[in-house]
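K.L.:
here is a sequence with its predicted model. Questions after.
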Amino acid sequence: MKRTYIKDLFRSAPASGTEIAVCGWIKTIRNDKFIELSDGTCFQKLQVVVEKENLENYEEVVRQNVGASIRVKGTFVLTPEAKQPFEILATSVFIEGASTPDFPIQKKAASLEFLREQAYLRPRTNTFNAVFRIRSVLAQAIHRYFADHDFIYVHTPIVTASDAEGAGEMFQITTLDIDNPPKTDKGEVDYSKDFFGKKANLTVSGQLNVETFCMAFSNVYTFGPTFRAENSNTSRHAAEFWMIEPEIAFADLKDNMALVEDLLKFAVRYTMEHCAADLEFLNKFVDKDLLNRLNKMLEFKFKEVKYSDAIEILTNCGEKFDFPVYWGCDLQSEHERYLTEKHFKRPIFLTDYPKDIKAFYMRMNDDGKTVAAMDLLVPGIGELVGGSQREERLDMLDKRMAELGLKAEDYWWYRNLRIYGGTKHSGFGIGFERLVMYVTGISNIRDVLPFPRTVKNAEF
């Protein structure tokens with residue numbers, strides 16, 4: 001008999017009395033009769049009724065522990081008078097894989113910190129079952145939006161010889177003997193002997209590469225893993241994470257912000273439609289303001305605020321911050337959340353940042369002090385999106401690179417884009433994990449990554 005997924009039973013229940021087969025993992029066994037079964041296809045669980053007179057292996061079945069995997073055949077029965085809408089009266093239960101009494105995650109409250117130590121099992125808990133299903137649906141929503149709007153999906157390289165951010169916080173990769181590397185006449189490591197013939201790193205961003213495709217296809221995006229060797233232990237930073245990075249040609253900063261808002265509202269709306277039960281659970285047990293916040297995000301237009309005006313608001317608000325506020329400072333999470341949660345009470349685009357705290361590729365404004373940059377700040381998270389209009393003027397790009405000590409020859413191909421038919425263009429990056437945090441109400445990035453990679457942590 002062909003297997004039926006539990007999600008399909010909730011979408012379109014068959015007639016009472018229909019014979020079906022299901023598979024899944026045991027969540028609980030109550031009163032030696034009721035098995036709560038999950039197959040991961042939806043948040044809802046299925047009740048399986050086992051009775052001694054119907055099963056030859058009844059004693060074996062009711063001795064199973066939490067986590068065991070089983071295959072069930074039985075009769076589908078509608079139960080409108082009970083808590084659950086239907087159940088299966090089992091006629092056969094095959095034990096696919098037994099579990100043991102010391103299964104690490106029992107049916108009791110467990111802290112998120114403890115569950116990180118059981119990352120290989122935590123997807124079976126209600127919280128992480130919901131989180132990672134939402135993560136999957138969010139990714140599908142992103143790809144669907146771009147496909148529907150005629151964007152080209154570009155796979156940018158993981159290995160790179162250039163630093164897109166110019167910050168130097170990169171993971172170096174090498175095939176050289178770490179203990180005894182080849183040396184040049186000057187006593188320096190001879191990278192000409194390395195695999196790529198030069199120093200190479202894991203990428204911090206696919207932006208520079210995807211910009212080259214923007215100059216051919218107009219509207220493009222990349223969505224892939226990125227890496228930062230940043231010694232940070234905050235709840236918002238990880239060493240390995242995923243980035244969504246679109247680039248649009250013939251577009252300025254206003255066009256860029258319009259794309260951000262349209263994309264995010266589509267992704268949130270799509271996820272709310274496809275993960276209603278997951279979000280209801282998270283709203284009840286993780287963040288009681290989650291659904292209210294998401295609905296407000298869909299309802300209100302994002303507000304645009306200049307960096308200088310935001311500094312004035314923060315300076316005069318009377319709030320005591322741990323980090324001082326002054327023109328030229330890089331806003332901290334506490335500043336961003338004050339602006340979105342207390343002052344404006346909605347997502348805001350913060351624009352026109354001081355050039356000294358932004359990357360070399362951002363277009364210089366006419367004042368010579370600020371750049372055409374924007375960050376989207378959202379309640380509960382702070383910065384969710386960072387982007388800018390790119391500097392299309394070669395002389396200005398070269399000047400900015402020189403100021404930051406970047407070597408023009410390392411970016412020769414990026415500079416050439418300004419020579420061979422360059423045009424006004426814009427783009428942004430969304431840290432996918434931060435988006436998942438925003439949509440789930442989860443407050444720590446370690447709990448929206450399947451296997452988080454952070455400082456001193458590379459388990460599993």
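P.N.:
Arrived safely, thanks for sending. Numbers count the residues shown, from 1 in each chain.
K.L.:
what about the protein, any weak spots by pLDDT?
P.N.:
The model of the chain has pLDDT under 70 over residues 163-168.
K.L.:
change it to 90
P.N.:
The chain contains residues with pLDDT under 90 at 1, 105-110, 161-169, 230-237, 380-381, 410, 457, 459.
K.L.:
does the residue at the greatest distance from the centre of it sit in a helix, a strand or a coil?
P.N.:
In the chain, the greatest distance from the average C-alpha position (Cα atoms, centre = their mean) is reached by Glu53, at 49.2 Å. Under DSSP: H, G, I helix; E, B strand; the rest coil, Glu53 falls in the helix class.
K.L.:
how near is it to Lys33?
P.N.:
12 Å (Cβ to Cβ, to the nearest Å). C-beta coordinates here come from the backbone N, C-alpha and C atoms, glycine included.
K.L.:
could you do Gly224 as well?
P.N.:
With Cβ to Cβ as the criterion, Gly224 and Lys33 are 48 Å apart.
K.L.:
same deal with Gly206?
P.N.:
Applying Cβ to Cβ to Gly206 and Lys33 gives a distance of 54 Å.
K.L.:
these two: which is more packed in?
P.N.:
Gly206 (26 against 14; other Cβ atoms under 10 Å).
K.L.:
residues in contact with the closest residue to the more buried one other than its chain neighbours?
P.N.:
Once flanking residues are discounted, Gly206 sits nearest to Thr156: 3.3 Å by Cβ to Cβ, 6 or more residues apart in numbering. For Thr156, the contact set (Cβ atoms under 8 Å, 6 or more residues apart in numbering) comprises Thr203, Gly206, Asn209, Val210, Thr222, Gly224.
K.L.:
switch the cut-off to 10 Å
P.N.:
164, 203, 205-213, 220-224, 226, 243, 245 (Cβ atoms under 10 Å, 6 or more residues apart in numbering).
K.L.:
ditto for Gly368
P.N.:
Counting by Cβ under 10 Å, 6+ apart, Gly368 has contacts Lys355.
K.L.:
secondary structure element holding it?
P.N.:
Using DSSP states H and E, Gly368 falls within no helix or strand.
K.L.:
same check, this time on Arg71
P.N.:
strand 69-78.
K.L.:
got the CA positions of that strand in PDB?
P.N.:
Taking Å, rounded to 0.1, in the frame of the first residue of the first chain, the C-alpha atoms of strand 69-78 are listed here in PDB:
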ATOM      1  CA  SER A  69      10.200   5.000  13.700                       C
ATOM      2  CA  ILE A  70       7.200   2.900  12.600                       C
ATOM      3  CA  ARG A  71       5.100   2.000   9.600                       C
ATOM      4  CA  VAL A  72       1.400   1.800  10.200                       C
ATOM      5  CA  LYS A  73      -1.500   0.400   8.200                       C
ATOM      6  CA  GLY A  74      -5.000   0.900   9.400                       C
ATOM      7  CA  THR A  75      -8.500   2.400   9.100                       C
ATOM      8  CA  PHE A  76      -8.900   6.100   8.800                       C
ATOM      9  CA  VAL A  77     -11.600   7.300  11.300                       C
ATOM     10  CA  LEU A  78     -13.100  10.800  11.600                       C
END
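K.L.:
and the following helix or strand past that strand, what's buried?
P.N.:
Counting by DSSP H and E, the next helix or strand C-terminal to strand 69-78 is strand 86-97. Burial within strand 86-97, assessed by neighbour count using 16 or more other Cβ atoms under 10 Å, is assigned to Phe86, Glu87, Ile88, Ala90, Val93, Ile95.
K.L.:
rebuild those as TSV, extending it with distance to Glu230.
P.N.:
Output for the buried residues of strand 86-97, formatted as TSV (distance: Cβ to Cβ, whole Å):
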residue	distance to Glu230
Phe86	50
Glu87	51
Ile88	50
Ala90	53
Val93	50
Ile95	47
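K.L.:
count the residues that sit near the residue nearest to Ile158 when sequence neighbours are not counted.
P.N.:
If the residues on either side of it in the chain are set aside, Ile158 comes closest to Thr203, at 5.6 Å by Cβ to Cβ, 6+ apart. With neighbours defined by other Cβ under 10 Å, the count for Thr203 comes to 25.
K.L.:
how about Phe223?
P.N.:
Neighbour number of Phe223 under other Cβ under 10 Å is 21.
K.L.:
I'd say it and Phe241 touch.
P.N.:
No - contact between Phe223 and Phe241 fails when scored by Cβ atoms under 10 Å: they sit 11.9 Å apart.
K.L.:
touching both of these two, which residues are there?
P.N.:
Phe432.
K.L.:
related to what we said a few turns ago, name every strand pairing with the strand holding Arg71 and say which way it goes.
P.N.:
Strand 69-78 has its sheet partners listed here by DSSP bridges as strand 19-30 (antiparallel), strand 86-97 (antiparallel).
K.L.:
list the contacts for the residue nearest to Ile158?
P.N.:
156-160, 162-164, 170-171, 209, 222, 224-228, 243.
K.L.:
can we see that at 8 Å?
P.N.:
Thr156, Pro157, Ile158, Val159, Thr160, Ala164, Thr226, Phe227.
K.L.:
which of those residues sits closest to Phe103?
P.N.:
When the contacts of Thr203 are ranked by distance to Phe103 (Cβ to Cβ), Phe227 comes first, at 34.1 Å.
K.L.:
residues contacting the closest one?
P.N.:
Here Phe227 is in contact with Met170, Phe171, Leu202, Thr203, Val204, Ala239, Glu240 (Cβ under 8 Å, 6+ apart).
K.L.:
burial of the nearest residue to it once chain neighbours are set aside, as a residue count?
P.N.:
Nearest non-adjacent residue to Phe227, counting by Cβ to Cβ, 6+ apart: Leu202, 4.0 Å away. Neighbourhood size, Leu202 [other Cβ under 10 Å]: 19.
K.L.:
swap in Ala141?
P.N.:
Neighbours of Ala141 (other Cβ under 10 Å): 22.
K.L.:
mind checking the SS state of it?
P.N.:
helix.
K.L.:
wait, it sits on Ala267?
P.N.:
Yes - because the distance of 4.2 Å satisfies Cβ atoms under 8 Å, Ala141 is recorded as touching Ala267.
K.L.:
what touches both of those two?
P.N.:
With Cβ under 8 Å, 6+ apart, Ala141 and Ala267 have no common neighbours.
K.L.:
list phi and psi for Arg446.
P.N.:
Note on Arg446: backbone dihedrals following degrees, to the nearest 10 are phi -60, psi -20.
K.L.:
I'd say it and Arg453 touch.
P.N.:
No - the pair Arg446 and Arg453 fails to qualify as a contact (Cβ under 8 Å) at a distance of 9.5 Å.
K.L.:
comparing the two, which residue is more hemmed in?
P.N.:
Arg446 (20 against 16).
K.L.:
could you check how far that one is from Leu264?
P.N.:
In terms of Cβ to Cβ, Arg446 sits 23 Å off from Leu264.
K.L.:
all helices for the stretch 301-450 of the chain, in order.
P.N.:
307-316, 333-337, 394-403, 412-416, 432-440 (DSSP state H, counting those that start in this stretch).
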